[in-house]
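**Student:** please find the sequence and the predicted model below.
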Number of protein chains: 2
Amino acid sequence: MTFSAPTTQKLLEEGAALTPRFDDAGLIAAVTTHAETGEVLMLAWMNAEALGRTLETGEAWYFSRSRGELWHKGATSGQVQVIEEMRIDCDQDAVWLKVWPQGDGGACHTGARSCFYRTIENGKLVKRK
Amino acid sequence: MTFSAPTTQKLLEEGAALTPRFDDAGLIAAVTTHAETGEVLMLAWMNAEALGRTLETGEAWYFSRSRGELWHKGATSGQVQVIEEMRIDCDQDAVWLKVWPQGDGGACHTGARSCFYRTIENGKLVKRK
């Protein structure tokens, strides 16, 4: 899947055309929340191929910055993310995925349900549900 | 405020030390949700100074990639974001802010409550509440 570039700021913000603005590394940010609870599960990145496959398959694909490769979430862990809804932000450089996590229902490689399992309190990290 | 670098992956993921991993541009991603409704309001970036000021002031500061400058959210719009809770993810390269939006209660420069006011449906963008 290929994507067109945005033409004007007005169309970017108000138009009906999907014209994602990938950064210099070819990526946009993706925030993923649980379709039922609304909890933020993870924040990751997508290149054009990951975005295209996500739209085509209805499952979340990302681009791993650390491994430098396309990544079908859950392919090895079983934590496949079935898309309930997908949104894009005003300037089309970030997407929001509402998903149903499969497998054990988690999203984090550490075993936590969400990657955001620690709060910042007085400069220290505290583990929370 | 200055931040230490992470030492080991175990401490990065399980430790109590805040050791944010800024990218090559000196930034981490920040996702901001409404403290009461859980709605994702925006996705933005923070450099070390923005993160430090956010922790010090209890209000959201970001780094604008387009303007290349530190940005106290709401300084001109009145949409100051008072922090309810702040979390960091497993590999400490993203933060999640739960906030109380002040002013008109919105977060987006377009006038929308959330920057994510459009869904992606069959390859097209559809405006939603």
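**Tutor:** Okay, I see it. Numbering: from 1, shown residues only, chains lettered A, B, ... in the order given.

**Student:** where do the helices sit along chain A?
**Tutor:** Ranges of helices within chain A are A:9-14, A:48-57, based on DSSP state H.

**Student:** hmm, who's touching the first one?
**Tutor:** Right, the one you point to is helix A:9-14. A:6, A:17, A:19, A:21, A:90-92, B:110 (Cβ atoms under 8 Å, 6 or more residues apart in numbering or on different chains). For glycine as for every other residue, the C-beta is placed from the backbone atoms N, C-alpha and C.

**Student:** so among the residues you listed, which ones count as buried?
**Tutor:** A:6, A:90-92 (16 or more other Cβ atoms under 10 Å in any protein chain shown).

**Student:** and the residues you listed near chain B, which?
**Tutor:** Restricting the buried ones among the contacts of helix A:9-14 to those near chain B by Cβ under 8 Å from any Cβ of the partner chain leaves A:90-91.

**Student:** tell me the one of the buried ones among the contacts of helix A:9-14 nearest residue A:68?
**Tutor:** Comparing the buried ones among the contacts of helix A:9-14 against residue A:68 with Cβ to Cβ places residue A:92 closest, at 24.0 Å.

**Student:** so the closest one sits against residue A:17, correct?
**Tutor:** No. Here residue A:92 does not reach residue A:17: they are 9.4 Å apart, not a contact under Cβ atoms under 8 Å.

**Student:** what sits in contact with each of these two?
**Tutor:** residue A:6.

**Student:** lowest-pLDDT helix or strand in chain A?
**Tutor:** Sorting the helices and strands of chain A by mean pLDDT, DSSP states H and E puts helix A:9-14 at the bottom, at a mean of 94.

**Student:** from the middle of its chain, how far away would it be?
**Tutor:** Here the centre of helix A:9-14 is set off from its chain's centre by 22 Å, with Cα atoms, centre = their mean, to the nearest Å.

**Student:** and stretch A:43-58, by the same measure?
**Tutor:** 8 Å.

**Student:** next: stretch A:113-121.
**Tutor:** For stretch A:113-121, the distance to the chain centre is 17 Å (Cα atoms, centre = their mean).

**Student:** please apply the same query to stretch A:119-129.
**Tutor:** Counting by Cα atoms, centre = their mean, stretch A:119-129 comes out at 24 Å from the chain centroid.

**Student:** what does it contact?
**Tutor:** A:117-118, B:15-18, B:55, B:85-88, B:95.

**Student:** just the buried subset of those, please.
**Tutor:** A:117-118, B:15, B:18, B:55, B:86-88, B:95.

**Student:** out of the contacts of helix A:9-14, which is nearest to residue A:66?
**Tutor:** residue A:21 (22.9 Å).
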